[in-house]
Each structure stands twice: as C-alpha cells, then as structure tokens.
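Visitor: sharing a model prediction with you, sequence too.
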Amino acid sequence: MNDAFLDAVIDTILPGETGGAEKGAALPSGTAAGITLCLDGPHGAILASIAEGVGGADGFVAAASPAREASLAAVEKRNFDAFGALVTALVQDYYETPAVIAAMGWRAGGAQPLGHHVAEADATTLALLDKVRARGPIWRDPSGRQE
C-alpha cells in the first residue's frame with residue numbers, strides 16, 4: 001500500500017462536489033482539503049481489507065469510481081464498525097479544515113470573542129422570563145457576604 005492508495009480511499013469516501021451559482025463555493029475532495037491517512041494508525045486493518053477487495057492497493061488506485069465504491073460497500077458490509085470508525089474519523093477531520101469551512105461559508109474561529117449572532121427575544125419569551133427575573137438570584141454570593 002502506498003500514498004496513492006490512501007489518497008484514492010480518501011477521495012472515494014470524500015469526493016467533494018462542485019458548486020453552482022445557487023450552491024455557493026465548491027467543496028474540495030478529501031485530499032484537496034488536506035486530509036491524510038497512515039497505514040500505521042488505528043485504521044490499518046480496514047485499509048488492508050479495502051486493498052484486498054480490488055486486487056491490492058494498485059488495483060484500487062487503477063479502478064474506476066464505481067468499482068472503488070463497490071469495494072468500499074463490500075468492506076463496510078463485512079466489517080461495519082471498523083469501516084464506520086474510518087469514515088467518522090475522515091469526516092470529522094474534513095469538516096474542520098479551513099478549505100471546507102470557507103466553502104461552507106462558516107466563520108473560521110471559535111465562538112468567542114466574537115460570539116454568534118443571537119436574535120432578540122420576542123415579547124412572549126420576555127413575558128415568560130418575568131417570573132425568573134422576579135425570583136431574584138438563587139445562588140450564593142461567592143464573596144461570602146450574606147444579605
């Protein structure tokens with residue numbers, strides 16, 4: 001198995017998509033987004049199983065997309081949990097990459113210090129909160145003072 005095989009597995013699972021004017025920016029493929037795999041990691045056994053399905057790593061790389069997808073589907077049926085763990089790891093990494101965040105139109109950064117926009121409460125919500133405000137604080141003063 002080699003880097004070309006690992007890249008082919010990634011891009012078969014995460015092929016990306018082209019965007020039109022109505023869709024916005026195109027989502028990159030997994031490798032274009034910078035996703036990588038290594039054979040020594042926790043997914044080595046499932047990667048070996050994928051390679052066996054289409055005549056080895058070189059066979060998987062040379063196969064057309066439908067054959068690759070069929071090979072992955074067969075491995076998923078044989079070893080659902082391990083295959084699911086591989087896909088979950090790839091998807092988590094993929095949606096955290098700057099290229100995907102930008103393509104999705106998400107703000108790249110934490111919730112703070114900018115925060116997320118929260119709509120103003122409507123009159124019904126404010127009326128429901130009147131009972132809470134009227135109750136007053138229900139916690140101890142951290143300074144230890146008692147009133």
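Guide: Structure received. Computed from a predicted model, the values in this text were never measured in an experiment. Numbers count the residues shown, from 1 in each chain.

Visitor: please make it C-alpha for all contacts and neighbour counts, starting now.
Guide: Will do.

Visitor: so what's the residue most central in space within the chain scoring on pLDDT?
Guide: Using C-alpha atoms, centre = their mean, the residue of the chain that lies closest to the mean C-alpha position is Gln92, 3.0 Å off. As predicted, Gln92 sits at a pLDDT of 94.

Visitor: so after the helix or strand it falls within, what's the next helix or strand?
Guide: Assigned by DSSP states H and E, Gln92 belongs to helix 80-94. Counting by DSSP H and E, the element after helix 80-94 in chain order, helix or strand, is helix 98-104.

Visitor: gap between the residue nearest to the centre of the chain and Leu128?
Guide: To Leu128, Gln92 is 39 Å away according to C-alpha to C-alpha, to the nearest Å.

Visitor: do Ile10 as well
Guide: Ile10 is 50 Å from Leu128, by C-alpha to C-alpha.

Visitor: ditto for Asp81
Guide: Distance, Asp81 to Leu128, by C-alpha to C-alpha: 46 Å.

Visitor: list of residues touching the helix or strand containing Pro66?
Guide: If you go by DSSP H and E, Pro66 is part of helix 65-78. Helix 65-78 has contacts (C-alpha atoms under 8 Å, 6 or more residues apart in numbering) with 12, 46, 49-50, 53-54, 60, 83-84.

Visitor: and the helices in this structure?
Guide: Taking DSSP state H as the test, the helices found in the chain are 3-13, 44-53, 56-62, 65-78, 80-94, 98-104, 123-135.

Visitor: would a markdown table of those helices with distance to Ala32 be doable?
Guide: Formatted as a markdown table, the helices of the chain follow (distance: least, C-alpha to C-alpha, whole Å):
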| stretch | distance to Ala32 |
| --- | --- |
| helix 3-13 | 9 |
| helix 44-53 | 20 |
| helix 56-62 | 17 |
| helix 65-78 | 17 |
| helix 80-94 | 10 |
| helix 98-104 | 8 |
| helix 123-135 | 46 |
